[in-house]
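J.: Predicted model follows, preceded by the sequence.
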Amino acid sequence: MLSNNVNVKDEEEKNTDAQVQMMDVATMDAVRYHGPDQQLVLEKVPVPEIGPDDVLVEVKAAALCHTELHFVDGTLNLGVAHLPITMGHEVVGIVSKCGANVSKDRIGERVIVYYYVGCAKTNCRWCVDGQEQICPSLKAEYGFISDGGLANYISALSRNAVSLPDNIRFEDAAPIGCGVTTAVHCAKLANVKENDWVVVYGTNGVGLGLIQLLKNKYKSRVIAISRSADKLKKANELGADAVVDGTDTNAVGPAVREIIGGGDGADVIFECVGHRETMDACVGWAGILGRRGRLVLVGYHAGVEHEFRCHPIPLIVYEQSIIGSVGATLDDLKEAVALVSSGQVKTVVDSVVPLSQFQEGLDKIKNCACVGKIVCVV
């Protein structure tokens with residue numbers, strides 16, 4: 001379903017101090033990761049403690065991401081020493097408790113959680129520049145190397161709890177945390193320009209956000225590629241100028257070049273799939289990418305069979321660029337929230353399930369059986 005921005009102030013009462021005092025439960029439910037090649041499990045764990053600069057957020061909704069599957073299959077083996085940890089990095093909720101250094105005025109505030117915490121050292125060029133998603137010494141990364149929000153509560157730095165406008169429902173807001181922010185970030189890295197021909201290869205969470213962002217903010221011409229007829233239909237609804245069936249990857253390049261006309265390739269490609277055959281379709285003499293084109297790699301999969309490969313000659317002759325994009329900055333998240341609040345981008349939610357049914361949601365993602373995000377309500 002396509003989200004609609006409505007005023008939800010009357011639907012979701014903010015917590016009162018009295019309600020907060022009642023929140024003295026010892027344990028909570030959490031989706032836990034015990035290591036690669038092990039299934040995620042729902043367990044009872046202690047409610048997280050908070051430090052002086054933290055807030056405790058009562059989780060209202062958390063979106064599931066393909067990232068959780070990458071942990072399970074070993075693609076993302078980050079070598080976390082303190083396993084198990086709680087999964088979930090697309091999290092929204094209500095501030096229920098504040099640390100000593102945080103204003104109690106934040107209690108009851110609707111928030112969305114930014115999941116990176118950089119080292120914040122003055123000699124870290126990345127943190128100083130606000131690019132903490134590539135800080136080499138992360139202090140925390142909620143849902144990756146530290147406890148996330150597929151749970152009843154999450155502890156986060158106060159600065160990481162970004163105010164969420166009242167006109168976005170929690171279920172619709174959760175996908176902003178990764179799906180929309182990733183789109184905002186990678187579009188900046190690609191230096192997208194007005195009237196560029198832009199291909200979005202892979203149309204689910206990030207891809208559907210990208211289509212809207214490219215059309216409504218950048219005024220680009222967008223071609224969406226997917227093997228799913230339902231996803232291509234949704235891409236059309238969201239404003240794609242053209243769609244291409246990606247079932248036969250050998251036919252994708254010629255189809256895109258025919259749409260663009262004159263045999264030219266795309267100015268920008270956002271590769272959101274990460275399979276060998278989809279990446280192969282982007283590059284080379286007959287690939288989708290055109291002269292001085294920018295290929296942005298967003299998706300990935302495990303195994304040498306999905307490693308990126310390309311002979312350098314076409315890249316050199318066409319003066320093409322290959323760019324990697326990971327996560328987003330705190331400012332990207334704030335921009336993404338503003339875009340959704342204003343209606344320029346709408347999150348697409350396939351279904352909403354209780355936290356106890358998280359595995360059913362992950363199975364739908366694994367089987368490519370959803371159009372948009374699956375959101376767990378807590």
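T.: Received the coordinates, thanks.
J.: confidence score at the spatially closest residue to residue 274 that is not a sequence neighbour?
T.: What sits nearest to residue 274 in space, not counting adjacent residues and going by C-beta to C-beta, 6 or more residues apart in numbering, is residue 299, at 3.4 Å. The way it works is simple: take the backbone N, C-alpha and C, and place the C-beta from them, glycine included. At residue 299, the model reports a pLDDT of 96.
J.: isn't residue 299 right next to residue 204, touching?
T.: No: in this structure, residue 299 is not within contact of residue 204 by C-beta atoms under 8 Å, at 9.7 Å.
J.: list residues touching both of those two?
T.: residue 272 (C-beta atoms under 8 Å, 6 or more residues apart in numbering).
J.: and the two? which has more neighbours close in?
T.: For residue 299 and residue 204, the more surrounded residue by other C-beta atoms under 10 Å is residue 204, and the numbers stand at 24 against 19.
J.: all helices for the stretch 101-250 of the chain, in order.
T.: Using DSSP state H, counting those that start in this stretch, the helices assigned to the stretch 101-250 of the chain run over residues 125-128, 170-173, 179-189, 205-216, 229-237, 249-260.
J.: could you pull out the strands for the stretch 1-150 of the chain?
T.: According to DSSP state E, counting those that start in this stretch, the stretch 1-150 of the chain carries its strands in the segments 27-33, 41-46, 54-63, 85-86, 91-98, 110-113, 116-117, 140-141.
J.: okay, now the residue lying closest to residue 126 once chain neighbours are set aside: neighbour count?
T.: Closest residue to residue 126 in three dimensions, ignoring its sequence neighbours and counting by C-beta to C-beta, 6+ apart: residue 135, at 4.8 Å. For residue 135, the number of neighbouring residues by other C-beta under 10 Å comes to 19.
J.: what residues are up against residue 135?
T.: 116, 118, 119, 124, 126, 127.
J.: so what's the last one up against?
T.: Contact partners of residue 127, counting by C-beta under 8 Å, 6+ apart, are 118, 119, 120, 121, 135.
J.: quick one: which of those residues is most hemmed in?
T.: Counting by other C-beta under 10 Å, top hit in the contacts of residue 127: residue 118 with 23 neighbours.
J.: Residue 138 is in contact with that one, correct?
T.: Yes: in this structure, residue 118 is within contact of residue 138 by C-beta under 8 Å, at 6.1 Å.
J.: ok, residue 357 to residue 376 distance?
T.: 8 Å (C-beta to C-beta, to the nearest Å).
J.: of the two, who's got more company?
T.: Each of residue 357 and residue 376 has its neighbours counted (other C-beta under 10 Å); residue 376 has more, 26 against 15.
J.: Across the sheet, point out what pairs with the more buried one.
T.: Beta-bridge partners recorded for residue 376 (DSSP bridges): residue 62, residue 353.
J.: ok, now which ones touch it?
T.: Residues in contact with residue 376 (C-beta under 8 Å, 6+ apart) are 61-64, 88, 150, 352-355, 357-358, 361.
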